[in-house]
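**Q** fold the following, please.
(chains A, B, C and D)
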Protein chains: 2
Amino acid sequence: MNALADQKLGAADIAALIRREISKGSLQLHDRLPPERVLSETYGAARGTIRKALTHLEKEGFVETRAGSGTYVVHKPDETSASAIENATPLELMDTRFALEPHICRLAVLHGRHSDFDRMEDLCNRMEDCLDDPVGFSDADTDFHRALAECTRNGLLIWMLDQIANVRSEDDWTRMRHLTLDSRTIGIYNVQHRQILNAVRTREPERAANIMKEHLETARLSLTRASET
Amino acid sequence: MNALADQKLGAADIAALIRREISKGSLQLHDRLPPERVLSETYGAARGTIRKALTHLEKEGFVETRAGSGTYVVHKPDETSASAIENATPLELMDTRFALEPHICRLAVLHGRHSDFDRMEDLCNRMEDCLDDPVGFSDADTDFHRALAECTRNGLLIWMLDQIANVRSEDDWTRMRHLTLDSRTIGIYNVQHRQILNAVRTREPERAANIMKEHLETARLSLTRASET
DNA sequence: CGAATTTGAACCAATAGTATACCAGAACTT
DNA sequence: AAGTTCTGGTATACTATTGGTTCAAATTCG
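**A** Now for the predicted structure:
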């Protein structure tokens, strides 16, 4: 139905396009849509068609239309910041970390400074004192990963990692994660952290990234193991 | 901010602009807005229109107006879209895309469906009709990358990519980016988009990821080339 | 073919927007 | 302290724009 369609758009197609604009956020709450006559031009459809699409969207509650004034968005993009983050599942989170953190390692190799590495060294020591303290380990772990991100000197990346950390600090999660943190697991993590730090220090980008992948894979395994029980 | 250019701004449009300034943080708590007569000039609208916009914002609780004194901001900015996003540089952005998008390709291979691919196909066609229309291309391009992200079925990843798209839509950027978009460059991008789509379709994760890296590398090059001139 | 949809146009009624003038209170200057 | 300047508040008359409606012809699609 959609493969070749760029010329003739039906009312349903247009409704779909606008609906997408809204849930994507390009059209935000209280925004006014362009007038029907303009939409008719931009979508290459007659005004009546646009009108049907809008009527449909109005029934669905995406939009409200006021005579003589315009058509307005009445629908919060379901999730924006808040619930996209709040509703993230553990697996979604892991996949996102798989995207970000190996590359963060590579950039850390490029931009990291001695002071960064010293700080990470401290955090490694702190974590190694936490073999039997899941909570303390967890805090230091978060700090370690953030310190690594700070090496990149990239505010956007750091910010994204912080968003992830916010997800991780949701209550039930923290509890679940602590379940998986026996002293054996913490020991493994500590070794991996050290290896990552060393690889970054000796400026081996791919090695650092690969160890990070291993590290995340380990974490994912213990996560799935925990959710099976 | 909508499909319309910058000619005729209605009260709703102006309200939207100011609302965004506030939630973005450019207008901070207790700041005083310019006088209505000035706003009227800067937005090219009559004072009555400005007035309607402000009244609307006051009802929404963004702003408080005191006769004889001025109109003041009464609303904290969204903490999510804080400074990290607004101050991101083009290179920071590219590095972040380098982290996210290749991995998004891999996950798209895992979770993408036919309907996703059809939609991306449509977008490829749309982009190929835009060899001489940088603005149209740019919009379709953003949609393409988002559609790819949607394949992952990972709300967190999609949300992160949206944040990036928000950075990219900052005004000065859009201008800069359009400078780099001659029809030759657009042609190259189109080929790469097709290749990515095909690799995802044929379920070749690493191939898809590698082409995405190439794609981003191309984009980074034309960016640095543009900023040298 | 036949039903459903889309089109294009004209007209209506509601609302928004423009331009101007004047008022009263707040803030600043002297 | 007094006066000037700036600010939002209000009113009005006119124009422009917008959605609402209708209808017949053209098009699409099963």
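**Q** show me how chain A divides into domains.
**A** The record's domain parsing of chain A by automatic domain parsing lists A:11-73, A:81-228.
**Q** dump those into CSV; add mean neighbour count and mean pLDDT as well.
**A** For every residue, glycine as well, the C-beta is placed using N, CA and C. Shown next, in CSV, are the domains of chain A (neighbours: other Cβ atoms under 10 Å in any protein chain shown; pLDDT from 0 to 100):
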stretch, mean neighbour count, mean pLDDT
domain A:11-73, 17, 90
domain A:81-228, 18, 89
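**Q** for B:Leu57, which of the ones you listed is the nearest?
**A** Closest to B:Leu57 of the domains of chain A, according to Cβ to Cβ: domain A:11-73, at 9.8 Å.
**Q** would you map the helices across chain A?
**A** Ranges of helices in chain A, per DSSP state H, are A:11-24, A:36-42, A:47-60, A:80-86, A:90-111, A:114-128, A:134-151, A:155-168, A:171-180, A:183-201, A:205-228.
**Q** how about the residues of chain A near DNA strand D?
**A** Within chain A, the positions adjacent to DNA strand D are A:8, A:33, A:35-38, A:47-48, A:51, A:54, A:65-71 by Cβ under 7 Å from any atom of the strand.
**Q** so which of the residues you listed also contact DNA strand C?
**A** Within these, those near DNA strand C by Cβ under 7 Å from any atom of the strand are A:Lys8, A:Arg47, A:Gly48, A:Arg66, A:Ala67, A:Gly68, A:Ser69, A:Gly70.
**Q** which residues are in contact with the last one?
**A** Counting by Cβ atoms under 8 Å, 6 or more residues apart in numbering or on different chains, A:Gly70 makes contact with A:Arg32, A:Leu33, A:Pro35, B:Gly10, B:Ala12.
**Q** beta partners of it?
**A** A:Arg66 (DSSP bridges).
**Q** any idea how far it lies from A:Leu57?
**A** Using Cβ to Cβ, to the nearest Å, one gets 14 Å for the distance from A:Gly70 to A:Leu57.
**Q** surely A:Leu39 meets A:Glu21?
**A** No. Assessed by Cβ atoms under 8 Å, A:Leu39 is found out of contact with A:Glu21, at 11.2 Å.
**Q** list the contacts of the residue at the greatest distance from the centre of chain A.
**A** Computed with Cα atoms, centre = their mean, the residue of chain A farthest from its C-alpha average is A:Gly68, at 41.3 Å. Residues in contact with A:Gly68 (Cβ under 8 Å, 6+ apart): none are found.
**Q** what of the one 5 residues further on?
**A** By Cβ under 8 Å, 6+ apart, A:Val73 lies in contact with A:Ile22, A:Leu27, A:Gln28, A:Leu29, A:His30, A:Asp31, A:Arg32, A:Leu33, A:Phe62, A:Val63.
**Q** ok, 6 Å please
**A** A:Ile22, A:Leu27, A:Leu29, A:Asp31 (Cβ atoms under 6 Å, 6 or more residues apart in numbering or on different chains).
**Q** tell me the one of the residues you listed nearest A:Met94?
**A** Using Cβ to Cβ, A:Ile22 comes nearest to A:Met94 of these, at 30.1 Å.
**Q** so what's the residue nearest to the spatial centre of chain A closest to, chain neighbours aside?
**A** In chain A, the residue lying closest to the centroid (Cα atoms, centre = their mean) is A:Thr96, at 5.9 Å. In this structure, A:Thr96 finds its nearest non-sequential neighbour in B:Leu156, 4.9 Å apart by Cβ to Cβ, 6 or more residues apart in numbering or on different chains.
**Q** do the same with A:Ser183
**A** Closest residue to A:Ser183 apart from its sequence neighbours, by Cβ to Cβ, 6+ apart: A:Leu131 at 4.4 Å.
**Q** how much space separates the one you found from B:Ala226?
**A** Distance of A:Leu131 to B:Ala226, given as Cβ to Cβ: 52 Å.
**Q** touching, the residue nearest to A:Thr96 and A:Pro90? I think so.
**A** No. B:Leu156 lies out of contact with A:Pro90 (Cβ atoms under 6 Å); the separation is 10.7 Å.
**Q** show me what from chain A comes close to chain B.
**A** Counting by Cβ under 6 Å from any Cβ of the partner chain, the positions of chain A adjacent to chain B are A:2, A:6, A:31-32, A:34, A:42, A:81, A:84, A:88, A:92, A:95-96, A:99-100, A:103, A:107, A:154-157, A:159-160.
**Q** returning to that earlier point: would TSV of the contacts of A:Gly70 with distance to A:Lys213 be doable?
**A** Shown next, in TSV, are the contacts of A:Gly70 (distance: Cβ to Cβ, whole Å):
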residue	distance to A:Lys213
A:Arg32	47
A:Leu33	45
A:Pro35	52
B:Gly10	52
B:Ala12	49
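**Q** ok, these vs B:Ile196, which is closest?
**A** Nearest to B:Ile196, judged by Cβ to Cβ, of those is A:Leu33 at 32.0 Å.
**Q** dihedrals phi and psi, the closest one?
**A** Note on A:Leu33: its backbone torsions stand at phi -70, psi 160 [degrees, to the nearest 10].
**Q** near DNA strand C, which residues of chain A?
**A** Counting by Cβ under 7 Å from any atom of the strand, chain A sits next to DNA strand C at A:8, A:10-12, A:44-49, A:52, A:66-70.
**Q** nearest residue to A:Arg194 in space, please, no chain neighbours.
**A** A:Cys124 is the one closest to A:Arg194 (Cβ to Cβ, 6+ apart), at 5.8 Å.
**Q** right, and the one you found touches A:Gln195 too?
**A** No. Here A:Cys124 does not reach A:Gln195: they are 10.4 Å apart, not a contact under Cβ under 6 Å.
**Q** so who does A:Pro102 touch?
**A** Residues near A:Pro102 by Cβ under 6 Å, 6+ apart: A:Ala209, A:Met212, A:Lys213.
**Q** please tell me how far it sits from B:His103.
**A** Counting by Cβ to Cβ, the gap from A:Pro102 to B:His103 is 8 Å.
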